[in-house]
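Visitor: Provided below for reference: sequence and predicted model.
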Amino acid sequence: MAITSPEVRLWWKEPLHKIELIWISIAFLWGLIMFATMVYWHIYGTQNLSNEAYRVIPDQYAERVDAFVAENTVREEGDTGIPVVRPAAGGDAYMLGRLWEWYPILELQKGQSYRLHLSSLDWLHGFSLQPTNINIQVHPEYEMVITITPDEAGEFGVVCNEYCGIGHHQMVGKIYVVEE
Amino acid sequence: MASTESFRTCPETGLKVHGPAETLIKANAVVAVVFLAIGGLFGLLVALTRWQAVHLLGPETFYLALTAHGADVLLFWILFFEVALLYFASAVLLNCRLATPRIAWAAFVLMLVGALMANVAVLQGGSSVMFTSYVPMMAAPHFYLGLIIFAVGALVAVFVFFGTLVIARQERTYQGSIPLVTFGALTAAIIAVYTIASGAIILVPTWLWSIGYISHIDTLMYKTVWWGLGHSSQQVNVAAHVAVWYAIAAIVLGAKPLSEKVSRGAFLLYIFFLQLAAAHHLLVEPGLSSEFKVFNTSYAIYLAVLGSMIHGLSVPGAIEAAQRHNGVTEGIFGWLRRAPWGNPAFSGMVMSIVMFGFLGGISGVVLGTEQLNLLMHNTLYVTGHFHATVVTGTTLAFMALTYLLIPLVWRRELVLPTWAKWQPYMFGLGAMGISLFMMGAGTLGVSRRHWDITFSDAPVAFDYPPAAFAMLALNGIFAVIASAGGIMYIVVVVGSILFGKKRGEVEMRTNPVVFQGRQVAAVSSYGSAHTLQVPGTLVLVAIFFTAFVLYYYINWKFLSEVWPMG
Ligand SMILES: [Cu+2]
């Protein structure tokens, strides 16, 4: 029994049973296939996270975001006072997380690529693009750059999905994707 | 040498039971159950808040309850029970005295003080930092200190277990190798050592930071080391509950492993490869290369996954083989139909195996796949996954084991046997619903640790699809069912310990809970004319594997539909 010492003293010398050998082989192979699938996706798949990241000082990142907003703002979102910013296609787009907002709101063109910069000014936040469900962790002092190509027009919510204190549930941002 | 008076001989198993060991098992198990009750209550409050139509708590109490829920069930309930399990698997199963009972009591006191301190900190408010307690969000110093003291206590208990193994070997209280269940417990203990070491490496500086001695902690470094504690602590649970599966199958049905070599090899894979799984939680982080992520999650995790897949054949296989050996031979599934479904130890174990494998295991691999993680990182899918592993897997297995510990260690009959009979079904069904509907909500994008999914006070509006609300309502309903099952468990356990009819020598012989046919020879022997016949298990394993492959690639299909990025 499993709660008593093995009946056969030299249990490690017993041969493997065929059924178990087959199952172990299948399971091992399946592991290799799953491994290969990830590598394959890096080569042929189009959804991979970039490895481009930099150490940043939060204040300096905030200055760059402010400059980006000053240069590219096209309007304000309703009466909220939040700028809606339209970066040049193929260019840099900035977004920052802080207690408790995603700033600014972006307006992107469908089918165009953008270098999206993400960082936090204070605590850990989670960039969760909805309803398309892309989720990326955002750290203070680290700036991540991801090249994104929105392939559908519409209004997308950016929900914070990393707990960041009492106002966590108010931390909602927005990305517009427009045809053109 | 301990005097012989401090031992008794169990009339059912013939094992020599060391008195101080028995008392320590009881103390740790009782405290575990108390924390389960407290933590479970907080969990119910959380679920009733997520259910938008009820939305019970305000934000402050919600995050407080969520932090307390995580600490009380994920750490305190499980670790106290695991310490009881370690003492049981060493002292009791090896017929041995427990090493240094006094130090074991010191460990118990440290764990209790630490757990209470952390609870006080959380209940005072200001430490609602969640189970992960990511810096730079700061909790009260006694929150971190409580966790450190608790961890030190747990580490001491693990060393008492190692010491007991050494004594058993020196005093030759068993023949040959240690039993498989003890080997599984040893696996859990080894993983626990490096888990707790990771915890110390990160929590000690964090505590110093909270009292002002250290000015800055790098968030990415914190998260990386923290998950060395966080993920591997759950692997301790996996090793422990797999050991419990083998134990229950052995005690209830007389099952023996199909092959000692294969089962032990699978535990070894856990020891070697589980620790790397920490990267699993860092798949969408900046600053870590794809090569690191792929190596960690694939190469290493899949060898650990291999270990679980091996147990996935050998545990049900052992049960089937035992049933067939005991004369239940008709058809492919006769062994399953005519299994002791009215025995809560057995039914709880089987549900634990099935739900851990299908829900917890498969979703875990999907979550741990480098690119797929994008789809569900930090959504409720994650929460659904670990409720499948830790609630339907570990907690249910531990509950099932208690139904054997009460008659064997406490020597009491169960009160309310009908409640006991239905309890695992009630709790298992509830926990299954919780896991499934949280995974469903996460697939729809609902984020975890979120007080209000309508975003009512947010300046920018966003709406989740109506199906997400339905998922969370169902989650709430199943949390109520699980809580009912939890209450039934507490009532039966506490009632039996306090008021259960005492089992004397006569009762233990005439009405045993331990399978009595254990003296008979092995079910199958390798390298001989005996064949291994487990056709039912093979069908079940084939169904499992098909579900695994299909679900894995369905998620790649989902991924291919999101915005191209790189
Ligand atoms: Cu946030």
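Guide: Alright, I've got the coordinates.

Visitor: which SS class is whatever residue of the stretch 51-200 of chain B ends up closest to the ion?
Guide: Per C-beta to the ion, residue B:137 is where the stretch 51-200 of chain B lies closest to the ion, at 10.0 Å. Placement of C-beta: from N, CA and C, glycine included. Secondary structure for residue B:137, judged by DSSP: H, G, I helix; E, B strand; the rest coil, is coil.

Visitor: distance of it relative to residue B:407?
Guide: Distance, residue B:137 to residue B:407, by C-beta to C-beta, to the nearest Å: 47 Å.

Visitor: check residue B:187 too.
Guide: Using C-beta to C-beta, residue B:187 is found at 27 Å from residue B:407.

Visitor: how about the residues of chain A near the ion?
Guide: Applying C-beta under 5 Å from the ion, we find that chain A lies next to the ion at A:125, A:160, A:164, A:171.

Visitor: can you show me the strands along chain B?
Guide: Assigned by DSSP state E, chain B shows strands spanning B:7-9, B:16-18.

Visitor: winner for burial among the ones you listed?
Guide: Ranked by mean neighbour count, the strands of chain B are led by strand B:16-18 with a mean of 21 (mean count of other C-beta atoms under 10 Å in any protein chain shown).

Visitor: burial of residue A:114, as a residue count?
Guide: Counted by other C-beta atoms under 10 Å in any protein chain shown, the residues lying close to residue A:114 total 20.

Visitor: now do the contacts for it.
Guide: If a contact means C-beta atoms under 8 Å, 6 or more residues apart in numbering or on different chains, then residue A:114 has A:87, A:89-93, A:108, A:147-149 as its contacts.

Visitor: now, the most widely separated pair of those residues?
Guide: Pairwise distances across the contacts of residue A:114 (C-beta to C-beta) peak at 14.5 Å, for the pair A:92 and A:149.

Visitor: if we can go back for a sec, adding secondary structure, distance to chain B and pLDDT, write the residues of chain A next to the ion out as a markdown table.
Guide: Output for the residues of chain A next to the ion, formatted as a markdown table (DSSP: H, G, I helix; E, B strand; the rest coil; distance: C-beta to the nearest C-beta, whole Å; pLDDT from 0 to 100):
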| residue | secondary structure | distance to chain B | pLDDT |
| --- | --- | --- | --- |
| A:125 | strand | 10 | 96 |
| A:160 | strand | 7 | 95 |
| A:164 | coil | 7 | 94 |
| A:171 | coil | 7 | 94 |
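
Visitor: which among the contacts of residue A:114 gets closest to residue B:490?
Guide: Distance to residue B:490 across those (C-beta to C-beta) is lowest for residue A:148, with 50.1 Å.

Visitor: the closest one reaches residue A:112, doesn't it?
Guide: No - counting by C-beta atoms under 8 Å, residue A:148 stays clear of residue A:112, with 9.6 Å between them.

Visitor: show me which positions of stretch B:419-435 end up buried.
Guide: Across stretch B:419-435, burial judged by 16 or more other C-beta atoms under 10 Å in any protein chain shown covers B:419-424, B:426-435.

Visitor: what mean pLDDT does it get?
Guide: Average pLDDT, stretch B:419-435: 97.

Visitor: list the contacts of it.
Guide: B:47, B:342-344, B:347-348, B:351-352, B:355, B:359-360, B:384-385, B:387-388, B:391-392, B:395-396, B:399-400, B:403, B:414, B:474-475, B:477-486, B:488-489, B:491-492.

Visitor: how about the residue nearest in space to the middle of chain A, phi and psi?
Guide: Central residue of chain A (C-alpha atoms, centre = their mean): residue A:136, 2.1 Å from the mean position. Dihedral pair for residue A:136: phi -130, psi 140, per degrees, to the nearest 10.

Visitor: what sits against it?
Guide: Residue A:136 makes contact with A:49, A:118, A:126-128, A:144, A:146, B:284, B:374, B:377, according to C-beta under 8 Å, 6+ apart.

Visitor: try it again with 6 Å
Guide: Neighbour list for residue A:136: A:127, B:284 [criterion: C-beta atoms under 6 Å, 6 or more residues apart in numbering or on different chains].

Visitor: tell me the bridge partners for it.
Guide: For residue A:136, the beta-bridge partners are residue A:127 (DSSP bridges).

Visitor: the ion versus that one, what's the distance?
Guide: The spacing between residue A:136 and the ion, counted by C-beta to the ion, to the nearest Å, is 12 Å.

Visitor: from residue A:49, how far out is that residue?
Guide: Where residue A:49 is concerned, residue A:136 sits at a distance of 7 Å (C-beta to C-beta).

Visitor: just residue B:6 next, same as before
Guide: Separation of residue B:6 from residue A:49 (C-beta to C-beta): 59 Å.

Visitor: ok, these two, which is more surrounded?
Guide: Neighbours of residue B:6 and residue A:49, each counted by other C-beta under 10 Å, are more numerous for residue A:49; the result is 23 against 15.

Visitor: quick check: phi and psi on the more buried one?
Guide: The phi and psi values for residue A:49, taken as degrees, to the nearest 10, are phi -80, psi 140.

Visitor: helices along chain A, start to end?
Guide: A:18-44, A:58-72 (DSSP state H).

Visitor: which ones are touching residue A:58?
Guide: With C-beta under 6 Å, 6+ apart, residue A:58 has these contacts: A:121, A:140.

Visitor: so how far is chain B from it?
Guide: To chain B, residue A:58 is 11 Å away according to C-beta to the nearest C-beta, to the nearest Å.

Visitor: picking up where we left off before, in a markdown table: the helices of chain A, plus mean pLDDT.
Guide: Formatted as a markdown table, those follow (pLDDT from 0 to 100):
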| stretch | mean pLDDT |
| --- | --- |
| helix A:18-44 | 93 |
| helix A:58-72 | 95 |
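
Visitor: would you turn those helices into JSON lines with distance to residue B:560?
Guide: As requested, the helices of chain A are exported to JSON lines (distance: least, C-beta to C-beta, whole Å):
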{"stretch": "helix A:18-44", "distance to residue B:560": "9"}
{"stretch": "helix A:58-72", "distance to residue B:560": "31"}
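
Visitor: for residue B:511, find the nearest of these.
Guide: Evaluated over the helices of chain A, closeness to residue B:511 peaks at helix A:18-44, with 36.7 Å, by C-beta to C-beta.

Visitor: what packs against that closest one?
Guide: Counting contacts by 3 or more C-beta pairs under 6 Å, 6 or more residues apart in numbering or on different chains; DSSP states H and E, helix A:18-44 packs against helix B:301-325.

Visitor: tilt between the helix it packs on and helix A:18-44?
Guide: Here the directions of helix B:301-325 and helix A:18-44 differ by 150 degrees (axes from the mean of the first three to the mean of the last three C-alpha atoms, to 10 degrees).

Visitor: the stretch 101-250 of chain B: helices as residue ranges?
Guide: Assigned by DSSP state H, counting those that start in this stretch, the stretch 101-250 of chain B shows helices spanning B:101-123, B:141-170, B:180-210, B:219-253.

Visitor: which residues sit against the shortest one?
Guide: Applying C-beta under 6 Å, 6+ apart, the external contacts of helix B:101-123 come out as B:20, B:24, B:27, B:67-68, B:71, B:76, B:127, B:140, B:142-143, B:146-147, B:149-150, B:152-154, B:156-157, B:160.

Visitor: what about the ion: which of those residues touch it?
Guide: Of those, not one also sits near the ion (C-beta under 5 Å from the ion).

Visitor: which one is residue B:495 nearest to, not counting chain neighbours?
Guide: Using C-beta to C-beta, 6 or more residues apart in numbering or on different chains and skipping the chain neighbours, the partner closest in space to residue B:495 is residue B:415 (4.2 Å).

Visitor: check what pLDDT the one you found gets.
Guide: For residue B:415, the pLDDT comes out at 94.

Visitor: hang on, isn't it packed against residue B:498?
Guide: No - the pair residue B:415 and residue B:498 does not pass the contact test of C-beta atoms under 6 Å, sitting 8.7 Å apart.
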